[in-house]
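# Build the 3D model from these lines:
(2 chains, ligands or ions: 2)
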Amino acid sequence: MTNTSRDSDVPPEPVVEVRHLSHRYPVGNETVGALTGVDLTVNDGEFVAVIGPSGCGKTTLLSIIAGLLPPTGGQVSVFGSDTRAARRSQALGLVTQDPGLLPWLDVASNVLLTLDITGPHDGADEYVTELLERVGISRFARYYPGQLSGGMRQRVALARALVHHPRLLLMDEPFGALDEISREEMRFELLKVWEQEQMSVVFVTHSIREAVLLADRVVVLTGQPGRVKDVIEIDLDRPRTASLEDSPRYLSLLADVRGLLVSETDRSDLVHAIPGNRR
Amino acid sequence: MKRKFQRNILILLTPALVSALLLAVWETWVRVRDVKEYLLPAPSAILAALLDDPGRFAEGARLSLQAAIGGLLLASLGAFILAVAMAHSRALERALYPPALALKVTPIVAVAPLFTIWFGFGLAPKVLIAAMITFFPMLVNSVVGLRSIDPRAHDFLRTINASTWQVFWRLRVPSSLPFVFAGLRISVPLSLIGAVVAEFLSGSDGIGQLILIANGDFDTPVLFGAIFVLAAMGILLTASVALVERKVLFWYQSSVRL
Ligand SMILES: Nc1ncnc2c1ncn2[C@@H]1O[C@H](COP(=O)(O)OP(=O)(O)OP(=O)(O)O)[C@@H](O)[C@H]1O
Ligand SMILES: [Mg+2]
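Ligands and ions are numbered 1, 2, ... in the order given. As a prediction, the model looks like this:
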């Protein structure tokens, strides 16, 4: 059931196609622009990171792709249809910075809730156990969210968003609340799951390192209202490992992304932090 | 473990000691000043009145409690169902709020005689009065509760295409429970007041009738006995609700404590 959409005879159409997208929020009697003229394509199986300064519309973009927010202008198609139809396929996963777990359900039940709604699949029980193991919370399966640390809760949110094998995983600063060590762990766990599941990921982050380390492409958003400043292809080998961070190619890509962001925010203090090997 | 036990003992012991002290002062004062019994009976006289015909108090308490609980359940259920509709649509909320408010501000003493005319002296008018007085707090709390869902949890459920029905049962109803229980804590004493006032005005039965008769007879010890029984009923009901609340809302405590 879960694999029909991934059969090789399906033409490789983009999973997400965003054209001339703009969005304005009503504020009082006026409207405020959050996004303008955004184009974005996410191909099947691709990992796309979106980075940009605070308030440039990253969360707005993600909400629109998730079908949670109807945009005020432009077209968005997901899985080749409109976002409502895409949602109906129950092949989306969402992880937000504030995870929004159900506090009256324990960890295992929070994860199983997804399957209660999307319908169980073969070997669901083993997969739940495996997933909890992977994100490092199997010991806490019977804990309630209120008894967990912020980082733990984020792991539960990740498991909850993965358990139904989504084709498209949308993540909004998912590791922002984690400590640096767990963050590192979670990044590589996410990459492993992504490689196995062959899903597409849109990953919003504030971390330049994280974007370059994880993604196939990094979309740099700027300004208010937000637009795409540039898209950088990350042509680093996979599977990616921590040792990658010593490679000159990685450092130069890092500098590219940082350069784009810094010239945007015009922070001279950050310029000094750029390694000298810009392309 | 031991410390916890000691704390529990202390929690029970302190109010018991304070009450005993108050009663002792009361008793002494009545005896020393030789206060007339119809003005203020000594605790010993009240106890004697209670023990003289305990069945009478027990039966009164049973009937009043029945009416109070019946009214509370009726109001909670009705209010919750209406709250679901009101939480669903702002227009409906605006339309239903004025009549609900009118019901709240109408004094029950004014309506009770009418209910007696309509429904006689049985359980029905008492239940309705108790329901009427508790309806509004239950309604307001339920509406606020049903709206208090975590938008992040809602977003997640929507992205996996949960139906409105699933969102209602999985998210809305559990989210509303802390507010529903807050409403119950307000409504429990109100429901007893409603039941007893109805009995008092119609003179049908229950603790309210007992008070009415004792008042007519200048039987102040029985009057005080009825008041004590009423207070005990209130404490019992409140404690039961608190117990259920602790069981049902275990997660609420732990998430608030963060
Ligand atoms: N519900 C809303 N009503 C009005 N304006 C909003 C609303 N949500 C977002 N905005 C505005 O839209 C802009 C983009 O917001 P958005 O949350 O998408 O930014 P972001 O890139 O996710 O920021 P951050 O990195 O801080 O999370 C901001 O200027 C914000 O003030
Ligand atoms: Mg955001």
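# for chain A, what are the nearby residues on chain B?
B:150-162, B:166, B:170-171, B:174, B:250-258 (C-beta under 8 Å from any C-beta of the partner chain). All C-beta atoms are positioned from the backbone trio N, CA, C, and that covers glycine.
# Tell me the residues of chain B that contact ligand 1?
Residues of chain B found near ligand 1 (C-beta under 6 Å from any ligand atom): none.
# Domain boundaries for chain B, per the record?
B:1-28, B:53-248 (automatic domain parsing).
# Just the mean pLDDT for the helix or strand where B:V32 lies, thanks.
Using DSSP states H and E, the element containing B:V32 is helix B:2-33. Averaging pLDDT along helix B:2-33 yields 88.
# Next: stretch B:201-218.
92.
# Just the residues contacting it, thanks.
B:38, B:56-57, B:60-61, B:63-64, B:67, B:109, B:112-113, B:116, B:121-122, B:125-126, B:195-200, B:219-220, B:222-223, B:226-227, B:229-230, B:233 (C-beta atoms under 8 Å, 6 or more residues apart in numbering or on different chains).
# Pull up the per-residue confidence for the closest residue to chain B within the stretch 1-150 of chain A.
Scanning the stretch 1-150 of chain A for the residue nearest chain B gives A:G100, at 2.6 Å (criterion: C-beta to the nearest C-beta). For A:G100, the model assigns a pLDDT of 94.
# what's the answer for B:I117, then?
For B:I117, pLDDT reads 89.
# Please identify the buried residues of stretch A:250-261?
By 16 or more other C-beta atoms under 10 Å in any protein chain shown, the buried positions in stretch A:250-261 come out as A:Y250, A:L251, A:L253, A:L254, A:A255, A:D256, A:V257, A:R258, A:G259, A:L260, A:L261.
# Could you list the low-pLDDT ranges of the chain?
In the absence of a named chain, this looks at chain A. Applying pLDDT under 70 to chain A flags residues A:1-11, A:264-279.
# hmm, I had chain B in mind actually
Residues of chain B that meet the cut-off, pLDDT under 70, sit at B:1-2, B:254-258.
# Where is the longest helix in it?
helix B:54-88 (DSSP state H).
# That helix - contacts with which helices or strands?
helix B:90-105, helix B:123-147, helix B:173-202, helix B:206-216, helix B:220-248 (3 or more C-beta pairs under 8 Å, 6 or more residues apart in numbering or on different chains; DSSP states H and E).
# List the buried residues of the first one.
The neighbour-count criterion (16+ other C-beta under 10 Å) identifies B:E93, B:L96, B:A100 as the buried residues of helix B:90-105.
# just the longest one next, same as before
Of the residues in helix B:173-202, those buried by neighbour count under the rule 16+ other C-beta under 10 Å are B:173-184, B:187-202.
# Where does B:V111 sit, in terms of helix or strand?
Going by DSSP H and E, B:V111 is part of helix B:108-119.
# any idea how far that helix is from the chain center?
20 Å (C-alpha atoms, centre = their mean, to the nearest Å).
# With stretch B:153-160 instead?
On the basis of C-alpha atoms, centre = their mean, stretch B:153-160 sits 37 Å off its chain's mean C-alpha point.
# outside of that stretch, which residues touch it?
A:63, A:66-68, A:87, A:90, A:92-94, A:96, A:100-102, A:114, A:117-118, A:157, A:160-161, A:164, A:170, B:166-167, B:170-171.
# Which of those residues fall in helices?
Checking those against DSSP H, those in helices are A:S63, A:R87, A:T114, A:I117, A:T118, A:A157, A:R160, A:A161, B:Q166, B:V167.
# what's around the third one, how many residues?
So the one you mean is A:T114. 24 (other C-beta atoms under 10 Å in any protein chain shown).
# So it is in contact with A:P166, correct?
No: A:T114 is not in contact with A:P166 according to C-beta atoms under 8 Å; the separation is 9.4 Å.
# So A:V228 belongs to a strand, correct?
Yes: under DSSP: H, G, I helix; E, B strand; the rest coil, A:V228 sits within a strand.
# For it, give the beta-bridge partners.
A:L221 (DSSP bridges).
# Ok, the one 5 residues further on next?
For A:E233, the beta-bridge assignment (DSSP bridges) gives partners A:R217.
# Quick check: the spatially most central residue of chain B vs chain A, distance?
With distances taken as C-alpha atoms, centre = their mean, B:V188 lies nearest the centre of chain B, 1.1 Å away. As defined by C-beta to the nearest C-beta, to the nearest Å, B:V188 lies at a distance of 23 Å from chain A.
# can you pull up the bridge partners for A:L168?
Judged by DSSP bridges, the bridge partners of A:L168 are A:L92, A:S200.
# quick one: it from B:L65, how far?
57 Å (C-beta to C-beta, to the nearest Å).
# Who has more neighbours out of these two?
Between A:L168 and B:L65, counting by other C-beta under 10 Å, A:L168 is the more crowded of the two (23 against 19).
# What residues does the stretch 51-200 of chain A have near ligand 1?
A:S54, A:G55, A:C56, A:G57, A:K58, A:T59, A:T60.
# quick one, helices of chain A?
Using DSSP H, helices in chain A cover A:58-65, A:83-88, A:107-118, A:124-134, A:150-162, A:180-197, A:208-214, A:248-265, A:268-271.
# Nearest to A:V220, out of these?
helix A:248-265 (4.6 Å; C-beta to C-beta).
# now for the closest one, which elements pack on it?
Using 3+ C-beta pairs under 8 Å, 6+ apart as the test, helix A:248-265 ends up in contact with helix A:208-214, strand A:217-222, strand A:227-233, helix A:268-271.
# Pull the distance from that helix to the chain's centre.
The chain centre lies 20 Å from the centre of helix A:248-265; the measure is C-alpha atoms, centre = their mean.
# just stretch A:235-242 next, same as before
18 Å.
# Which positions within that stretch qualify as buried?
Buried residues in stretch A:235-242 (16+ other C-beta under 10 Å): A:R240.
# Which residues does that stretch contact?
Applying C-beta under 8 Å, 6+ apart, the external contacts of stretch A:235-242 come out as A:184, A:188, A:191-192, A:195, A:212-214, A:244, A:247, A:249-250, A:253.
# what about it, how long is it end to end?
16 Å (C-alpha to C-alpha, to the nearest Å).
# now stretch A:76-95
Stretch A:76-95 stretches 20 Å from its first residue to its last (C-alpha to C-alpha).
# and the residue of the stretch 1-150 of chain B at minimum distance from ligand 1, what does it touch?
Nearest residue of the stretch 1-150 of chain B to ligand 1, counting by C-beta to the nearest ligand atom: B:D150, 15.8 Å away. By C-beta under 8 Å, 6+ apart, B:D150 lies in contact with A:G100, B:L171, B:S175.
# ok, of those, which one's closest to ligand 1?
A:G100 (15.2 Å).
# Near the closest one, how many other residues are there?
A:G100, neighbours per other C-beta under 10 Å, totals 23.
# again, but for A:G93
Residues near A:G93, counting by other C-beta under 10 Å: 27.
# check contacts around it.
A:A161, A:L162, A:H164, A:P166, A:L168, A:L169, A:L170, A:M199, B:T159, B:I160.
# How about residue 128, nearest residue that isn't a chain neighbour?
With no chain named, the answer covers chain A. A:V111 (5.5 Å; C-beta to C-beta, 6 or more residues apart in numbering or on different chains).
# let's do chain B instead
B:F115 (5.6 Å).
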